[in-house]
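Participant: The sequence and its predicted three-dimensional model are supplied below.
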Amino acid sequence: MIEQRANQNGFSLIELLIVIVIFGIFMGAVYSLYVTHLKTAITRDEIIDVQQNVRIAMDIMSRDLRMAGFLFPEPVDAAMSNYSSINIQTATADGTFVAIKGVIQNDKFSVTPTTALDNISTKNNDTVGIYRPSTRAQIGAVFTVISSSSGSGNITVSPANDTVRVGDMICKNPNRIRYIVDRSDTAEGCNILPCLKRNGNVIAQGIKNIRFDYFLNGDNTTAITNVPAEDVAKITAIRVTVIGHTLKNQDIDDPSNTRELKSLIKLRNFR
């Protein structure tokens, strides 16, 4: 016969169940806090990425826009520029323009910097324009490079022009820079659609929209979104708006997932 002790140690089934329930509630609360913290951290990282992309887009566009119209009478191409895209016209940004420091003949000039002549050659069948910075007017038509030498610092063009003078600039064909948001699923180099492209190359991911407002004749209070062709030379400033969006729910207008940056950029070359 088994002897029963008066004082037995242990837990009853009900006590164990109560402990399990309390432990489950505690772990559920901890897990809920963990998930909430994880989502917040992911969202914060996504917002930081958006802010960086927006700033990158603005910095690059600002640099190009400040040079819009350099040596050319029209800073933008009116036919290709509007509120959501822009086509900038400026002297080439790769060092392929030189200043005339001496007129040797009507078709031969000494220039500076001489090293830039390495990028203006006859082997590439280069054509150039000659521009007067004081008026941004083109001198003559398009010239063909007959010879160029960085060693002597001389360049010869055809045809001859007797109106060229010291201080004029010789420049290869205008540098045209196209900014547009690409929303196609086949956008090359774009991992987070849509993307901002510069001449077909992705410069910023996750850019939902861009907007350009144009100001004429120094008036920075009245903006227009489409500039008539006859008024493009009057553009003195452009207000740029860049809107970035996180990867998730890009089709939903949720302010918490977007960042917007605006900047009024004055053109340096307005006269």
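Facilitator: Received it, and whenever you're ready, just let me know what you need. Here the structure is a predicted model, which means the values were calculated and not measured.
Participant: mind checking the end-to-end distance for stretch 160-169?
Facilitator: Stretch 160-169 has an end-to-end distance of 15 Å (Cα to Cα, to the nearest Å).
Participant: For that stretch, give the mean pLDDT please.
Facilitator: For stretch 160-169, the mean per-residue pLDDT is 93.
Participant: Mind listing what's buried along it?
Facilitator: By neighbour count on 16 or more other Cβ atoms under 10 Å, the buried set for stretch 160-169 is Val164, Asp168, Met169. For every residue, glycine as well, the C-beta is placed using N, CA and C.
Participant: I figured the second one hits Ser134, correct?
Facilitator: No: here Asp168 does not reach Ser134: they are 9.4 Å apart, not a contact under Cβ atoms under 8 Å.
Participant: what do these two both touch?
Facilitator: The contact sets of Asp168 and Ser134 do not overlap (Cβ atoms under 8 Å, 6 or more residues apart in numbering).
Participant: Val19: neighbour count?
Facilitator: 11 (other Cβ atoms under 10 Å).
Participant: Which residue comes closest to it once chain neighbours are left out?
Facilitator: Spatially, and ignoring its direct neighbours in sequence, Val19 is nearest to Phe11 (7.8 Å; Cβ to Cβ, 6 or more residues apart in numbering).
Participant: helix, strand or coil for that neighbour?
Facilitator: Recorded secondary structure, Phe11: coil (DSSP: H, G, I helix; E, B strand; the rest coil).
Participant: What pLDDT is listed against it?
Facilitator: pLDDT at Phe11 comes out at 70.
Participant: show me where this structure has strands.
Facilitator: 86-90, 97-103, 108-112, 127-132, 137-138, 143-149, 154-158, 169-172, 175-182, 195-198, 201-205, 207-216, 235-245, 258-266 (DSSP state E).
Participant: what residues are up against the closest residue to Pro133 other than its chain neighbours?
Facilitator: Leaving aside its sequence neighbours, Pro133 sits nearest to Met169 (Cβ to Cβ, 6+ apart; 6.0 Å). Contacts for Met169 (Cβ under 8 Å, 6+ apart) come out as Leu71, Ala91, Phe97, Val98, Ala99, Ile100, Ile130, Tyr131, Arg132, Pro133.
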